[in-house]
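> Provided below for reference: sequence and predicted model.
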Amino acid sequence: MNYWSAIENKLKDHIETAIQLLLIILSVYIFFTAEDHRIWKVPILFLGLISWFFFHKKTKHPIIWILLFLLLIFDLSHSYFWLANHHFMLMFLVLIVISYSYHRQSEVLLKNVQLLLAFVILASVIQKITSSQFMSGNFNYYMINRGTLFGNFLNFFPENHEIAKRNVESFIALNATDPNLHQSIIIKNVNPNVRLISIILVWGTIILESIVAFAILWKPKSTWTHVFFTTMIVGILITRLETGFMALLAICGIFLCRNLKLRLFNVLVVLGCAALIITKYGYH
C-alpha cells in the first residue's frame with residue numbers, strides 16, 4: 001500500500017478534512033465541558049441525538065453541528081466571563097460550517113475563514129500592544145519565573161525547575177496573606193538572562209503575529225504566508241502548550257493552505273493537540 005498516496009488523496013479534499021478535524025476538536029471540547037450545568041445540557045443533548053438518529057437522512061439541516069453549537073451558546077450564556085478566547089473562535093468556525101452546509105460555496109467558506117483568522121490574530125496583536133504589562137516584558141518575566149512559559153524545557157534542568165517551583169510556592173503563600181499587611185516577596189530568576197529573554201519574546205511575538213495577520217489578509221493561500229503561520233504555531237506551542245487555540249488555528253491553515261506538506265503539518269498539529277486535550281495535558 002502506498003501510504004503517501006493515501007495521505008495525498010485525503011489532503012487534497014482540504015475542506016472536508018478541515019471540517020472533520022473541527023468536528024473532532026469540537027466534540028472533545030464539548031465532552032470536557034459537559035459537566036458544567038449538565039442538568040440543562042441533558043435535555044438539549046437528548047433531543048438533539050433523537051433528531052439526528054431518526055431524521056439525519058431525511059433533512060438537509062446539519063443536526064449534529066447545530067446541536068453542538070447550541071451547547072457552545074449555552075456555555076457562553078452561563079460562563080461568559082470564564083471562557084477562554086478559543087471558545088469564541090470555535091463558535092464562529094462552527095457558524096461558518098453550518099452556513100456552508102446550506103450555501104455549499106467553497107469560496108464563501110474560505111473567505112469567511114480567512115477573515116476570521118486574520119481578525120483573531122490582529123486582535124491578539126492589538127491586545128498585546130495596548131497592554132503595558134506585556135510590552136514592558138513584565139508579563140513574560142513573571143510567567144517564565146513561574147515555569148508557565150517554557151515550562152516543558154525546565155523539566156530538563158532540575159535546578160531551574162526547582163527555582164520556578166519555589167517561586168510558585170511564594171506566590172501562593174503571598175496570596176494567602178491579608179492584603180492590608182502589604183507584604184511582598186522576592187522571586188529568583190530561573191535564568192540569568194530572563195529579563196532579556198522576556199523583551200525578545202515580546203517583540204518577536206508582535207512582529208511575527210503582525211506579519212502573519214497581514215499576510216493572511218493579502219495572500220491567504222500563499223506558501224510563504226503559511227510558512228510564517230506554521231512558524232507562529234510552533235513558536236506558541238514551544239512557549240506554552242495552548243492546545244485548544246493552536247488546534248483551531250491549524251484547522252484554519254488546512255482550509256486556506258495549498259501546499260500539501262504544510263497541510264499535513266497542520267493535520268498533525270490538530271491531531272497532536274487533540275491527543276493532548278484528551279489526556280488533559282496543556283492549556284485547552
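Happy to help now that I have it.
> if I pick the most centrally placed residue in the chain, what's in contact with it?
Central residue of the chain (Cα atoms, centre = their mean): F245, 0.2 Å from the mean position. The contact partners of F245, by Cβ atoms under 8 Å, 6 or more residues apart in numbering, come to 84-86, 89, 236. For every residue, glycine as well, the C-beta is placed using N, CA and C.
> out of everything not next to it in sequence, what's closest to I185?
Distances taken as Cβ to Cβ, 6 or more residues apart in numbering place S170 nearest to I185, at 4.6 Å, with adjacent residues excluded.
> From I207, how far off is the one you found?
33 Å (Cβ to Cβ, to the nearest Å).
> swap in N9?
N9 sits 38 Å away from I207, going by Cβ to Cβ.
> Go through the contacts of F245 and flag which are in helices.
85-86, 89, 236 (DSSP state H).
> check contacts around V212.
121, 225, 228-229, 232.
> picking that back up, ok, so what distance separates the residue nearest to the centre of the chain from L117?
12 Å.
> Overlap in contacts, those two.
Joint contacts of F245 and L117 (Cβ under 8 Å, 6+ apart) do not exist.
> can you map out the helices along the stretch 51-200 of the chain?
Assigned by DSSP state H, counting those that start in this stretch, the stretch 51-200 of the chain shows helices spanning 63-78, 85-103, 106-129, 132-135, 138-146, 151-154, 158-175, 194-218.
> winner for burial among these?
Ranked by mean neighbour count, the helices of the stretch 51-200 of the chain are led by helix 138-146 with a mean of 19 (mean count of other Cβ atoms under 10 Å).
> returning to what we had before: helix or strand for the residue nearest to the centre of the chain, which one?
Here F245 is covered by helix 243-256, with elements defined by DSSP states H and E.
> I'd like the mean pLDDT over that helix, please.
Averaged across helix 243-256, the pLDDT comes to 93.
> Ok, stretch 179-194 next?
78.
> just stretch 213-221 next, same as before
For stretch 213-221, mean pLDDT rounds to 93.
> Mind picking out the helix or strand in the chain with the poorest mean pLDDT?
helix 38-55 (a mean of 72; mean pLDDT, DSSP states H and E).
> Please read off the pLDDT at H14 from the model.
Predicted confidence (pLDDT) for H14: 89.
> For H86, see how far away it is.
Distance of H14 to H86, computed by Cβ to Cβ: 21 Å.
> do the same with I236
In terms of Cβ to Cβ, I236 sits 12 Å off from H86.
> Next: S27.
For S27 relative to H86 (Cβ to Cβ), the value is 15 Å.
> Next: P43.
Distance from P43 to H86, by Cβ to Cβ: 27 Å.
> same thing with L68?
15 Å.
> Against L264, how distant is E8?
In this view, E8 and L264 are 9 Å apart by Cβ to Cβ.
> Let's have the contacts of F245 in JSON lines, adding distance to R195 and pLDDT.
Converted to JSON lines, these look like this (distance: Cβ to Cβ, whole Å; pLDDT from 0 to 100):
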{"residue": "A84", "distance to R195": "29", "pLDDT": "74"}
{"residue": "N85", "distance to R195": "27", "pLDDT": "79"}
{"residue": "H86", "distance to R195": "30", "pLDDT": "81"}
{"residue": "M89", "distance to R195": "32", "pLDDT": "90"}
{"residue": "I236", "distance to R195": "21", "pLDDT": "91"}
